[in-house]
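Peer 1: Sequence first, then the predicted structure, then my questions.
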Amino acid sequence: MRSLEDSFYKLLSTYKRVPDWAKSIIAVPFKIFPRTVYLGNQYKTYYDVIKKLEFAPKQTVEEYQWQKLKELLNHCYNTVPFYREKWNEYGININTIHDFSDFKKTIPLLTKKEIQNNPEAFISKAYSKKDILTANTGGSTGKPLKLFYLKGNSRAAEWAHMHMLWSRVGYNPKSRLARIRGDYIGKNRTHSYDPWRNMLILSSFNINNATAESYFALMKKYKIEFINAYPSSLYNLIQVSGLSHINIPTLKAVLLGSENVLDYQVKRIKDFFNIDKVFFWYGHAELCNLGGNCEYSNDYHFFPSYGYTEFFKTNSINDTAIENIVEIVGTSFINPLMPLIRYKTEDYGIEKKTNCTCGRNHMLLSKVIGREQEIAVGFNNTKITLTALVFGRHQNYLNHVVNMQIINTSPGELLVKVITMTSFTDQHKKEIINSLSEKEGMPFNTKVEMVETLSKTKNGKHRFLIREF
């Protein structure tokens, strides 16, 4: 189970900041074997399971998931304090759970607040302190969430699934990758190159008019085949560059994740790079659900080997243009050290009930709408999605802004901060105000403010909508 990568995980942030010449020396002994070897034996174990289930019949998938759920229930009751205490309090006997229906009726949903209140109560007693890899995330809501991974297992499983996911557009662990995902590589540094991972790391924090073209020059220099980016970071880079398009001869695909992927961003990226393969996925640090596109559609296919995914119907969100809005609920199969069962992610999507032409028997979403904190609250506590608010309405002003951020200061009150292009006029400002106000049926009073920068999370993510209550 041992993973050399996990052993050095605490040093990763330091490694990113050292000069490139030093990285080239440090990486020498590690380049003897492929990076996947250093992830440990569990990487191959999980990869083989993923391949086995990828196009398996529905019955085979369900048999696998049911077996994993039974094992997980026993593991949690016997070794995890939180579940033993709660299930005893509720009078839950896991021996009476015989199928998926029993599981859903018997086991209560788990909330983020319960984890935040006492994260250590979720650590399995089957493992020792040396098995624990600690992670802290603020997430999109800005509320801290302390998580614990099983060394040699959780990250190996995560990478096995991600590599399988990206392989659908031709990626393999040896591919040359540019990464624009909030890595801190030092003050005022725009880039760093990691020779071990064949990765050009581009700073999300130093993108501006003066640096933008150098980012694309670096992509050409290192013959980048894939760009892995936060959608907002790559879109911002394109917008501030002032270029209409660019040619990266070696570029095969763009990989977008960890934020909502918006239609206007995808269209701009495709046009800018003259590339059709813009691939996106959904996942989270809690390691319960992972889904991404296939070769034939933009639907999100959720890996049955990663976790047990449920879609919960919700009527609390007001978007008359969208049917089948659900909340994503997950049970993790890849982190037995901190197993989360029926975890309410507070993430929403549009359920797709018909099978994809690819032939995979996976749970499907046609779109990920966003997180609870990315849904605006209007007068009378009406909840409005970003699609209904902005992106499903094809507003002209979007063509004249570099980026924008909506602050929901209180129910019914919006402050829209905008970084403008030179073509932005007072008419576009009026368009924003009118489209986000009662004048056009929206339950808000709206103000607009022109700014130079927008706030980001500590990981460099752009929060398109921030609720301050």
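Peer 2: Okay, I see it. Residues are numbered from 1 along each chain as shown.
Peer 1: show me the contacts for residue 51.
Peer 2: Residues near residue 51 by Cβ atoms under 8 Å, 6 or more residues apart in numbering: residue 164. Yep, even glycine has a C-beta here, placed from its N, CA and C like the rest.
Peer 1: Now do it against residue 163, distance only.
Peer 2: For residue 51, the distance to residue 163 (Cβ to Cβ, to the nearest Å) stands at 11 Å.
Peer 1: Then residue 347?
Peer 2: Distance from residue 347 to residue 163, by Cβ to Cβ: 23 Å.
Peer 1: got it, and residue 307?
Peer 2: For residue 307, the distance to residue 163 - Cβ to Cβ - is 17 Å.
Peer 1: quick one: which of those two has more around it?
Peer 2: residue 307 (28 against 19; other Cβ atoms under 10 Å).
Peer 1: so what pLDDT did that one get?
Peer 2: Per-residue pLDDT puts residue 307 at 97.
Peer 1: Might you list the low-confidence residue ranges for the stretch 351-469 of the chain?
Peer 2: Along the stretch 351-469 of the chain, the model assigns pLDDT under 70 to residues 392-394.
Peer 1: so what's residue 396 closest to, chain neighbours aside?
Peer 2: Leaving aside its sequence neighbours, residue 396 sits nearest to residue 431 (Cβ to Cβ, 6 or more residues apart in numbering; 6.5 Å).
Peer 1: Enumerate every residue touching the one you found.
Peer 2: By Cβ under 8 Å, 6+ apart, the neighbours of residue 431 are 395-397.
Peer 1: first to last residue in stretch 458-469, what's the distance?
Peer 2: 20 Å (Cα to Cα, to the nearest Å).
Peer 1: Ok, stretch 128-135 next?
Peer 2: 17 Å.
Peer 1: what comes up buried for that stretch?
Peer 2: Across stretch 128-135, burial judged by 16 or more other Cβ atoms under 10 Å covers 131, 133, 135.
Peer 1: Need phi/psi at the second one.
Peer 2: Listed backbone geometry of residue 133 is phi -120, psi 120, with angles given as degrees, to the nearest 10.
Peer 1: pretty sure it is touching residue 6, no?
Peer 2: Yes: judged on Cβ atoms under 8 Å, residue 133 makes contact with residue 6 at a distance of 5.7 Å.
Peer 1: any shared contact partners between those two?
Peer 2: Contacts common to residue 133 and residue 6, judged by Cβ under 8 Å, 6+ apart, are 151, 155.
Peer 1: quick one on the thing from earlier: any buried residues in the helix or strand harbouring the residue nearest to residue 396, and which?
Peer 2: Here residue 431 is covered by helix 426-435, with elements defined by DSSP states H and E. By 16+ other Cβ under 10 Å, the buried positions in helix 426-435 come out as 428-429, 431-433, 435.
Peer 1: got a list of what the residue positioned nearest the centre of the chain touches?
Peer 2: In the chain, the centroid-proximal residue (Cα atoms, centre = their mean) is residue 258; its distance is 2.5 Å. Residue 258 makes contact with 181, 230, 283, 461, according to Cβ under 8 Å, 6+ apart.
Peer 1: With secondary structure and distance to residue 331 as added columns, please give these in JSON lines.
Peer 2: Listed next are the contacts of residue 258 as JSON lines, based on DSSP: H, G, I helix; E, B strand; the rest coil; distance: Cβ to Cβ, whole Å:
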{"residue": "181", "secondary structure": "coil", "distance to residue 331": "27"}
{"residue": "230", "secondary structure": "coil", "distance to residue 331": "27"}
{"residue": "283", "secondary structure": "strand", "distance to residue 331": "15"}
{"residue": "461", "secondary structure": "coil", "distance to residue 331": "26"}
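Peer 1: what's the helix or strand for the residue nearest to residue 407 when sequence neighbours are not counted?
Peer 2: Distance criterion Cβ to Cβ, 6+ apart; nearest residue to residue 407, sequence neighbours excluded, is residue 415 at 4.2 Å. Assigned by DSSP H and E, residue 415 falls within strand 413-420.
Peer 1: distance between that strand and the chain's centre?
Peer 2: 25 Å (Cα atoms, centre = their mean, to the nearest Å).
Peer 1: and it, what does it pack onto?
Peer 2: Applying 3 or more Cβ pairs under 8 Å, 6 or more residues apart in numbering; DSSP states H and E, one finds that strand 413-420 contacts strand 401-410, helix 426-435, strand 445-450.
Peer 1: can you list the weak-confidence ranges in the stretch 101-250 of the chain?
Peer 2: 138-143.
Peer 1: Now the helix or strand hosting residue 220: buried residues?
Peer 2: Using DSSP H and E, residue 220 falls within helix 212-221. Using 16+ other Cβ under 10 Å as the test for burial, helix 212-221 gives 212, 215-216, 218-219.
Peer 1: Now stretch 377-396: buried residues?
Peer 2: 377-378, 382-391, 395.
Peer 1: what's that stretch in contact with?
Peer 2: Contacts for stretch 377-396 (Cβ under 8 Å, 6+ apart): 260, 262-264, 316-322, 325, 348, 369-370, 374-376, 398, 406, 408, 411-412, 428, 431-432, 435-436, 442-444, 464-465, 467, 469.
Peer 1: follow-up on the earlier one: ranking the contacts of residue 258 by neighbours, who comes first?
Peer 2: Those, ranked by neighbours (other Cβ under 10 Å): first place residue 230, 24 neighbours.
Peer 1: Which residues are in contact with that residue?
Peer 2: By Cβ under 8 Å, 6+ apart, the contact list for residue 230 reads 180-182, 204, 256-259, 460-462.
Peer 1: Out of the residues you listed, list just those in helices.
Peer 2: Among these, no member falls in helices (criterion: DSSP state H).
Peer 1: In CSV, list those residues along with distance to residue 85.
Peer 2: Putting the contacts of residue 230 into CSV (distance: Cβ to Cβ, whole Å) gives the following:
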residue, distance to residue 85
180, 44
181, 38
182, 37
204, 42
256, 41
257, 35
258, 33
259, 36
460, 38
461, 35
462, 40
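Peer 1: quick check, nearest of these to residue 239?
Peer 2: residue 462 (12.0 Å; Cβ to Cβ).
Peer 1: Check whether the closest residue to the closest one other than its chain neighbours sits in a helix, strand or coil.
Peer 2: With Cβ to Cβ, 6+ apart as the criterion, residue 462 has its nearest non-adjacent residue at 3.3 Å, and that residue is residue 232. Under DSSP: H, G, I helix; E, B strand; the rest coil, the three-state class of residue 232 is helix.
Peer 1: Number of residues surrounding residue 232?
Peer 2: Neighbours around residue 232, by other Cβ under 10 Å: 26.
Peer 1: What residues does it make contact with?
Peer 2: Residue 232 touches 259, 265, 403, 461-462, 464, counting by Cβ under 8 Å, 6+ apart.
Peer 1: How much space separates it from residue 270?
Peer 2: Remark: distance between residue 232 and residue 270 (Cβ to Cβ) = 16 Å.
Peer 1: And for residue 452?
Peer 2: For residue 452 relative to residue 270 (Cβ to Cβ), the value is 28 Å.
Peer 1: Same question for residue 282.
Peer 2: 20 Å.
Peer 1: More neighbours: which of the two?
Peer 2: residue 282 (22 against 14).
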